[in-house]
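Engineer: this is the structure alone, sequence omitted:
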């Protein structure tokens, strides 16, 4: 019995509400650009496109809304919306050892920002 035959009777898995590998890599790239000063906060999708090139147009358009605090799909909350088209990175209430730990799926975040322009 082939692999396709075994899977034919199985139900499809539900979509993950966390971050996929590509999304986690992109979010890490954006975090690094903010920490290095290459990307100022609040940032727009267009400014991220210049600081972190190489992704599809759809990624720049949709990623930040999809992962904003309070998104309707329950996706990982990585960004706070500032105005209609600008975002800032959010951090967890507890301080992670590495910034990428803030990207773990299912973590709730406080709407505080990191980087040079953080307002506390």
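Structural biologist: Received, thanks. Bear in mind that the values here come from a model prediction, so they are computed numbers and not experimental data.
Engineer: shaky segments in this protein?
Structural biologist: 1-20, 92-120 (pLDDT under 70).
Engineer: try it again with 90
Structural biologist: Scanning the chain for pLDDT under 90 picks out 1-24, 73-74, 76, 84, 90-120.
Engineer: please enumerate the strands of it.
Structural biologist: 43-44, 79-82, 86-91, 110-113 (DSSP state E).
Engineer: out of those strands, nearest to residue 71?
Structural biologist: strand 79-82 (9.3 Å; CB to CB). Any C-beta I mention is one placed from the backbone N, CA and C, and that applies to glycine too.
Engineer: I'd like the strands of the chain as a markdown table, with distance to residue 53 and mean neighbour count appended.
Structural biologist: Output for the strands of the chain, formatted as a markdown table (distance: least, CB to CB, whole Å; neighbours: other CB atoms under 10 Å):
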| stretch | distance to residue 53 | mean neighbour count |
| --- | --- | --- |
| strand 43-44 | 14 | 20 |
| strand 79-82 | 19 | 20 |
| strand 86-91 | 18 | 21 |
| strand 110-113 | 23 | 15 |
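Engineer: any chance of JSON lines for the ones you listed, columns distance to residue 24?
Structural biologist: Putting those into JSON lines (distance: least, CB to CB, whole Å) gives the following:
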{"stretch": "strand 43-44", "distance to residue 24": "19"}
{"stretch": "strand 79-82", "distance to residue 24": "14"}
{"stretch": "strand 86-91", "distance to residue 24": "14"}
{"stretch": "strand 110-113", "distance to residue 24": "20"}
